[in-house]
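S.K.: take a look and give me a structure for this.
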Amino acid sequence: MPAVGERPDTRPVLGARAAHDGILRRQSARESAARTYARALPIVPVRARGLTIEGADGRRYLDCLSGAGTLALGHNHPVVLEAIRKVLDSGAPLQVLDLATPVKDAFTTELFRTLPAGLADHARVQFCGPAGTDAVEAALTLVRAATGRSGILAFAGAYHGMTAGALAASGGASDVRVARLPYPHDYRCPFGIGGERGAELAARWTESILDDTKSGVPSPAGMILEPVQGEGGVIPARDDWMRRMREITSARSIPLIADEVQTGVGRTGAFWAVEHSGITPDVMVLSKAIGGSLPLAVVVYRDDLDVWEPGAHAGTFRGNQLAMAAGAATLAYVRENRLAERAASLGIRMLTQLRGLAADFACVGDVRGRGLMIGVELVDPDQPSASTGGPPPAAPERAAAVQRECLRRGLIVELGGRHSSVVRLLPPLTITDEQVSAVLDRLADAVADVASAGLGGRGAAAPGQAGQAECSG
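M.R.: A predicted model of the protein is given here:
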């Protein structure tokens, strides 16, 4: 400790900052321009536990990105670390292609224990490559092989991954053989209605496309949908619409694929998001949290769809034993500790408080979500809406300013949605009540700062990105 009146030794702090800045400079010089999160979040994580990340510069952050939803239990949860250590200490092989192992058997047993009842008793599991997009590719290939058809039904605003087939079914696709259908959206309803009536019109449009012999859409191989569109802007599908999609596809022998890559493992307040509506899909695509923070992706599907020839769909890294051990531990912990139910109650609390922001600030257009999958859409209330009586236009600059102000306060959030105008919260299911309060307070302060001081706030975390217009309150 320095004596009274002496200046403290700032060399450790300066040294840490220099190391931090050097790493960022080398990343910018060496890595692909395709990097995304690193641009908006100029931090260098060196330690993490639960909700908290510590950077190389000594700063601490509350992480509401959670590896894009991968970290159901937060960073370095003890049960996950113990499962990994157990495999490492056992001398078991870490990579075995698709051979059977005790670790894989334990993972599969735990996975089947959590599946919707209508699927678990008649299911097969396909281990894919390490990413969710690999599982989407497998699901699309599977239903095409099982039905003998080729077309796919997908939805506006969807995101299913970055490989060719997954991109073709996503909302930003062009020049592909995928029929695009309207997804129900209360705030930006494609029919300008929203609510139950808007969802009903979306369902009727789907029926019309399938039953009209001149629609230009032949009988498809399958329909793929997200129970909550994540990258599309955190848009929860209504339960009645989900049931209609199940009825429509069942009546026409169209396999229904539920993409639960981000919504699964308790995220939305049910273990699997399809359980909110009570439907049983024919196929479920799973990744992110099922690997307990490590790469793992699987497809689970009805056994009568299991028409694969040996080697018809494979991946070298489908035998990741550490991911299976971490995943089994995560699935069991979420199930045994009823974390899905806790996510539901915490989500209600967070949505209720965040909707107060919409009442206080005109630039907060909508707050929506389900469980611990929450989105806050920033808008420009001073600009006319695209349609008479519709919501104001999206304000991506304001959303980016809120993200920067959150980071300055030690809160990591993600952006998504159309035009990247939605501030997204994906905290771990283990977040405490006190941490929820801290997250909400920091986000509210960030919104208030952007509203009162302009798009860039008082001090942007990333230089050269300050905005120019104000957000009216």
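S.K.: report the central residue of the chain.
M.R.: Nearest to the geometric centre of the chain sits Gln262, at 4.0 Å (CA atoms, centre = their mean).
S.K.: okay, and Val80 sits in which element?
M.R.: helix 78-90 (DSSP states H and E).
S.K.: orientation of the next helix or strand after that helix relative to helix 78-90 in degrees?
M.R.: The helix or strand immediately downstream of helix 78-90 is helix 102-114, counting by DSSP H and E. Helix 102-114 and helix 78-90 are oriented at 150 degrees to each other (axes from the mean of the first three to the mean of the last three CA atoms, to 10 degrees).
S.K.: export helix 102-114 as PDB, just CAs?
M.R.: Output in PDB follows, covering the C-alpha atoms of helix 102-114 (Å, rounded to 0.1, in the frame of the first residue of the first chain):
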ATOM      1  CA  PRO A 102     -20.100 -44.900 -22.000                       C
ATOM      2  CA  VAL A 103     -19.900 -41.100 -22.300                       C
ATOM      3  CA  LYS A 104     -22.000 -41.000 -25.400                       C
ATOM      4  CA  ASP A 105     -24.500 -43.500 -23.900                       C
ATOM      5  CA  ALA A 106     -24.900 -41.300 -20.800                       C
ATOM      6  CA  PHE A 107     -25.500 -38.200 -22.900                       C
ATOM      7  CA  THR A 108     -28.000 -40.000 -25.100                       C
ATOM      8  CA  THR A 109     -29.900 -41.400 -22.100                       C
ATOM      9  CA  GLU A 110     -30.100 -37.900 -20.500                       C
ATOM     10  CA  LEU A 111     -31.100 -36.300 -23.700                       C
ATOM     11  CA  PHE A 112     -34.000 -38.800 -24.300                       C
ATOM     12  CA  ARG A 113     -35.100 -38.200 -20.700                       C
ATOM     13  CA  THR A 114     -35.800 -34.600 -21.500                       C
END
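S.K.: one step back: dump the residue contacts of the residue nearest to the centre of the chain.
M.R.: By CB atoms under 8 Å, 6 or more residues apart in numbering, the residues touching Gln262 are 68-69, 132, 226, 228, 230, 288, 373, 426. In this view, the C-beta of every residue, glycine as well, is placed from N, C-alpha and C.
S.K.: wait, which of these is closest to Gln435?
M.R.: Set against Gln435, the nearest of the contacts of Gln262 by CB to CB is Leu426 (13.7 Å).
S.K.: what sits against Ala326?
M.R.: 80, 83-84, 291-294.
S.K.: could you pull out the helices for this structure?
M.R.: Ranges of helices within the chain are 11-30, 37-40, 66-69, 78-90, 102-114, 117-120, 132-147, 164-168, 195-211, 239-251, 321-336, 339-360, 396-408, 433-453, based on DSSP state H.
S.K.: what number of residues lie near Leu14?
M.R.: Neighbourhood size, Leu14 [other CB atoms under 10 Å]: 11.
S.K.: can you pull the pLDDT of it?
M.R.: At Leu14, the pLDDT value in this model is 71.
S.K.: mean pLDDT for the helices of the chain: which is lowest?
M.R.: Among those, helix 164-168 scores lowest, with a mean of 77.
S.K.: elements contacting it?
M.R.: helix 132-147 (3 or more CB pairs under 8 Å, 6 or more residues apart in numbering; DSSP states H and E).
S.K.: what's next to the helix it packs on, contact-wise?
M.R.: Contacts for helix 132-147 (CB under 8 Å, 6+ apart): 126, 128-129, 150, 152, 160-166, 169, 221-222, 224, 253-255, 257, 259, 261-262, 282-283, 285-288, 297-299, 301, 305, 307-308, 312-313, 315.
S.K.: from Ile84, how far out is the residue nearest to the centre of the chain?
M.R.: For Gln262, the distance to Ile84 equals 23 Å [CB to CB, to the nearest Å].
S.K.: where exactly do the strands run in the stretch 151-300 of the chain?
M.R.: In the stretch 151-300 of the chain, the segments counted as strands under DSSP state E, counting those that start in this stretch are 152-155, 178-181, 222-225, 228-229, 235-236, 256-259, 283-286, 298-302.
S.K.: can you say which of those strands is nearest to Leu51?
M.R.: Closest to Leu51 of the strands of the stretch 151-300 of the chain, according to CB to CB: strand 228-229, at 21.4 Å.
S.K.: could you give the mean pLDDT of the closest one?
M.R.: Strand 228-229 comes out at a mean pLDDT of 97.
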